[in-house]
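Novice: coordinates only, no sequence provided:
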């Protein structure tokens with residue numbers, strides 16, 4: 001007689017969890033009150049910069065640019081260009097005050113090979129999704145604490161790293177996302193949100209131990225070298241900036257918007 005198979009082991013008993021990609025999201029998001037999403041090079045860095053200029057950002061769930069352009073036109077938004085094109089694109093270096101003003105856009109539709117797909121999937125869980133990176137991790141942690149205080153409960157936090165895709169579409173865990181996710185977890189720990197899964201604790205320890213080498217690690221990583229090879233190393237340097245932003249983009253109803261500074265204040 002076939003033996004019953006055990007249910008999939010998850011991290012859902014922990015207040016702070018960490019996993020990778022859409023499959024990891026599906027594993028740790030159930031029961032979470034907040035999803036913190038990381039795609040450091042470049043989706044969440046671009047979202048944070050765009051939100052800082054007052055733009056709304058909507059992740060598009062596929063890489064079908066024709067469909068995305070039609071959708072953007074239908075909702076009165078602008079479709080972000082490909083990296084290296086003129087104007088607002090997926091590239092963090094494109095997010096300048098001049099480009100934001102010249103675009104005339106209030107909302108930007110962004111598609112990326114992995115980040116926008118994971119972010120769009122996260123929206124389906126019906127809880128706030130926060131775009132985190134190495135630039136804003138402390139502000140993100142403060143917002144999570146303020147949100148818990150607003151709810152009056154220690155809402156569980158699912159930290160999801162996007163990672164990158166290999167040629168066969170399998171997940172490649174990425175150094176930059178490991179470090180940024182760990183930075184968020186460590187910042188949460190310092191605020192007392194510290195009942196962490198082993199996976200989350202290891203990510204936090206990795207960031208704590210390697211914080212001084214973050215810039216080198218990002219530029220020397222596979223992702224960093226891929227961008228350096230096409231003349232986009234400045235995107236990596238922007239993404240490697242540590243704790244320089246208090247912009248917290250939170251996705252509700254499928255759209256990221258910067259939350260008011262007052263929502264980051266704790267009691």
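Specialist: Right, received. Where do you want to start? Bear in mind that the values here come from a model prediction, so they are computed numbers and not experimental data.

Novice: quick one: contacts for residue 86?
Specialist: By CB atoms under 8 Å, 6 or more residues apart in numbering, the contact set of residue 86 is empty. C-betas here are computed from N, CA, C, even on glycine.

Novice: to clarify, my last question referred to residue 172.
Specialist: Counting by CB under 8 Å, 6+ apart, residue 172 makes contact with 163, 164, 165, 166, 222.

Novice: what segments of the stretch 101-250 of the chain are helices?
Specialist: For the stretch 101-250 of the chain, helices defined by DSSP state H, counting those that start in this stretch occupy the ranges 115-123, 137-151, 175-190, 198-210, 214-220, 222-229, 233-239.

Novice: can you add mean neighbour count and mean pLDDT and give those back as TSV?
Specialist: Output for the helices of the stretch 101-250 of the chain, formatted as TSV (neighbours: other CB atoms under 10 Å; pLDDT from 0 to 100):
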stretch	mean neighbour count	mean pLDDT
helix 115-123	24	96
helix 137-151	21	97
helix 175-190	26	98
helix 198-210	18	98
helix 214-220	17	97
helix 222-229	16	96
helix 233-239	21	97
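
Novice: of those, which approaches residue 266 most closely?
Specialist: Nearest to residue 266 among these is helix 137-151 (5.0 Å), distances taken as CB to CB.

Novice: which strands or helices does the closest one pack on?
Specialist: strand 34-38, strand 129-132, helix 175-190 (3 or more CB pairs under 8 Å, 6 or more residues apart in numbering; DSSP states H and E).

Novice: could you check the angle helix 175-190 makes with it?
Specialist: In terms of direction (axes from the mean of the first three to the mean of the last three CA atoms, to 10 degrees), helix 137-151 departs from helix 175-190 by 50 degrees.

Novice: contact partners of helix 137-151?
Specialist: By CB under 8 Å, 6+ apart, the residues outside helix 137-151 that reach it are 33-34, 36, 128, 130, 132, 154-155, 157, 180, 183-184, 187-188, 190-193, 243, 245-248, 250, 259, 263-267.

Novice: same thing but at 7 Å, please
Specialist: 33-34, 36, 128, 130, 132, 154-155, 157, 180, 183-184, 187-188, 191, 193, 243, 245-248, 259, 263-267 (CB atoms under 7 Å, 6 or more residues apart in numbering).

Novice: just list whatever residues bridge to the residue positioned nearest the centre of the chain.
Specialist: For the chain, residue 38 is the residue whose C-alpha lies nearest the centre (CA atoms, centre = their mean; 2.7 Å). With DSSP bridges as the criterion, residue 38 is bridged to residue 132, residue 161.

Novice: look up how far residue 104 lies from the residue nearest to residue 99 when sequence neighbours are not counted.
Specialist: Among residues not flanking residue 99 along the chain, residue 88 sits closest, at 5.3 Å (CB to CB, 6 or more residues apart in numbering). Residue 88 is 10 Å from residue 104, where distance means CB to CB, to the nearest Å.
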